[in-house]
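Asker: Quick one, fold the following:
(4 chains)
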Number of protein chains: 2
Amino acid sequence: MPDVEDTLTNALRRRIIDGEFAPGTRLSEISLAERLGVSRNTLREAFRVLAEQGLIEHVPHRGVSVASPTVADVVDIYRARRYVEPAALAAGSPLHPAVTAMREAVDLGETSLEARDWRTVGTANMAFHDAIVALADSPRLERLFRDIAAELRLAFLEIDNPEALHAPFVTRNRSLLETFLEQGGPAAAEELRGYLILSEQTVLGAFTRLRRG
Amino acid sequence: MPDVEDTLTNALRRRIIDGEFAPGTRLSEISLAERLGVSRNTLREAFRVLAEQGLIEHVPHRGVSVASPTVADVVDIYRARRYVEPAALAAGSPLHPAVTAMREAVDLGETSLEARDWRTVGTANMAFHDAIVALADSPRLERLFRDIAAELRLAFLEIDNPEALHAPFVTRNRSLLETFLEQGGPAAAEELRGYLILSEQTVLGAFTRLRRG
DNA sequence: TGGCATAGATTGTTCTACAACAACACCAGC
DNA sequence: GCTGGTGTTGTTGTAGAACAATCTATGCCA
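Answerer: Okay, the predicted model is just below:
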């Protein structure tokens, strides 16, 4: 990967995920390039990468804007998650290094919940699921999850009610981890399927409520 | 998507998949841009997209080269396929439009087999699996499969023994389709799992033989 | 032979320029 | 007042030149 431009891509990616540019915001090449201190060409190359990752949307002659996930997007994201996560958990070994990451994510979620730091709760939640996917030891599945998790964060940003969105799942994460360690992968996978359905309902509910309001 | 540059990306993509640039070939910006009649900037943007798709590899200050899948890549590709394809088949409906595509792919495979047109046999084989993934109705899973299928084609190109690679699976495709229609998704999924293991072994065998020679 | 320095070539990045296109405002006519 | 065409303006799409940064290879010297 290149030097400046790769840094630029990651910086832009982080800013978008952090909500610095709200979903749907149009990103002007000229002004953004000026603001970031890079040339239009370099910025455009970064745009291509982010567009390919689904974080921004590119319309010919109309420029790029931050992706604004629709209900259909959310449904598809959860569909993809159901294909990958439970299977990864079912086949995962309790001795896999990613289990440590799962533990840490659960711990972080609990302490952040007490502190009512919803942003960190959300991050810990995502880290937990990231660790589940890591159980599969598949770079390509990890990449898929990284992309759809980023898209999902955009949906979360729009909902803007992090407590309702993330808090209920802290205890569920703990429970899922225990099931995995004590009863094994298949049992945990089954629990995760229900978990994901509930999570999807939660997001979709808040989402449609939002789109109507 | 832009006009010229999107066309350029697709054109490059097709050329690479078709083997016009052998895996590992270095793609010089200047000469390739000149040859394609586009500017370096435009070509570099196309490079970013293809690199993100895994078709080309980008090393800083050393340029891009056509991806040359390693054994680890092939293993990972098949791992990802096992996560997606059997599950899609298991949950797929026999009434789904993609079933038509499955039929057509099987037919094309058989006629091409008789004609000993291995290239088309390979294409039909890929179209068959593409249709299986399409059963899931998930754009994101389809995109994942599109990318890994393209990578796999690069591996096939290096092996360069299309008959051994594709011919054995024509009858297996037919069988899998019949199982799906007559015995349902779950039974077909189980058959597909064995199919994929065999396919992986076939590719890996030819692959390691090649890498040693 | 082995290591180092220089030269050449390629990529990374910026800047300028212009063509192509889309959005918007404006005006004419109904 | 509304519709429809038209021009204006701003943005994107693409090309080309230029230079800095970095890699590669050649050849020199010990």
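Asker: Enumerate the residues of chain A near DNA strand D.
Answerer: For chain A, the residues in contact with DNA strand D (CB under 7 Å from any atom of the strand) are A:3, A:26-30, A:40-41, A:44, A:58, A:60-64. Just so you know, the C-beta spots here come from the backbone N, C-alpha and C atoms, and that holds for glycine as well.
Asker: In helices, which of these fall?
Answerer: Per DSSP state H, helices hold the following members of those: A:29-30, A:40-41, A:44.
Asker: Show me the strands in chain A, by range?
Answerer: A:26-27, A:56-59, A:63-66 (DSSP state E).
Asker: so what's residue A:107 up against?
Answerer: For residue A:107, no residue meets the contact criterion (CB atoms under 8 Å, 6 or more residues apart in numbering or on different chains).
Asker: Equivalent analysis for the one 3 residues further on, please.
Answerer: Contact criterion CB under 8 Å, 6+ apart gives A:170, A:174 as the residues in contact with residue A:110.
Asker: which residue ends up closest to the midpoint of chain A in space?
Answerer: The centroid of chain A falls nearest to residue A:149 when counting by CA atoms, centre = their mean (2.2 Å).
Asker: Which pLDDT does the model give that one?
Answerer: For residue A:149, the pLDDT comes out at 97.
Asker: Can you tell me the closest non-neighbouring residue to it?
Answerer: residue A:126 (5.6 Å; CB to CB, 6 or more residues apart in numbering or on different chains).
Asker: Report the spatially nearest residue to residue A:48, omitting neighbours in sequence.
Answerer: Nearest one to residue A:48, counting by CB to CB, 6+ apart, is residue B:48 at 4.2 Å.
Asker: What residues of whichever helix in chain A runs longest count as buried?
Answerer: Among the segments of chain A that qualify as a helix by DSSP H, the longest is helix A:185-212. Neighbour-count burial for helix A:185-212 flags A:185, A:188-189, A:191-192, A:195-196, A:199-200, A:202-203, A:206-207 (criterion: 16 or more other CB atoms under 10 Å in any protein chain shown).
Asker: With pLDDT and distance to DNA strand C added, can I get these in a markdown table?
Answerer: Below are those laid out as a markdown table (pLDDT from 0 to 100; distance: CB to the nearest atom of the strand, whole Å):
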| residue | pLDDT | distance to DNA strand C |
| --- | --- | --- |
| A:185 | 89 | 42 |
| A:188 | 96 | 43 |
| A:189 | 97 | 42 |
| A:191 | 96 | 46 |
| A:192 | 97 | 41 |
| A:195 | 93 | 41 |
| A:196 | 97 | 37 |
| A:199 | 95 | 35 |
| A:200 | 96 | 33 |
| A:202 | 94 | 35 |
| A:203 | 94 | 30 |
| A:206 | 91 | 30 |
| A:207 | 87 | 26 |
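Asker: which regions of chain A sit below the pLDDT cut-off?
Answerer: The model of chain A has pLDDT under 70 over residues A:1-5, A:212-213.
Asker: What residue in it comes nearest to DNA strand D?
Answerer: residue A:63 (3.2 Å; CB to the nearest atom of the strand).
Asker: ok, now how distant is that residue from residue A:30?
Answerer: Look at residue A:63 and residue A:30: by CB to CB, to the nearest Å, they are 10 Å apart.
Asker: Near residue A:109, how many other residues are there?
Answerer: A count of neighbours around residue A:109, defined by other CB atoms under 10 Å in any protein chain shown, yields 25.
Asker: I misspoke; the intended subject was residue A:116.
Answerer: 11.
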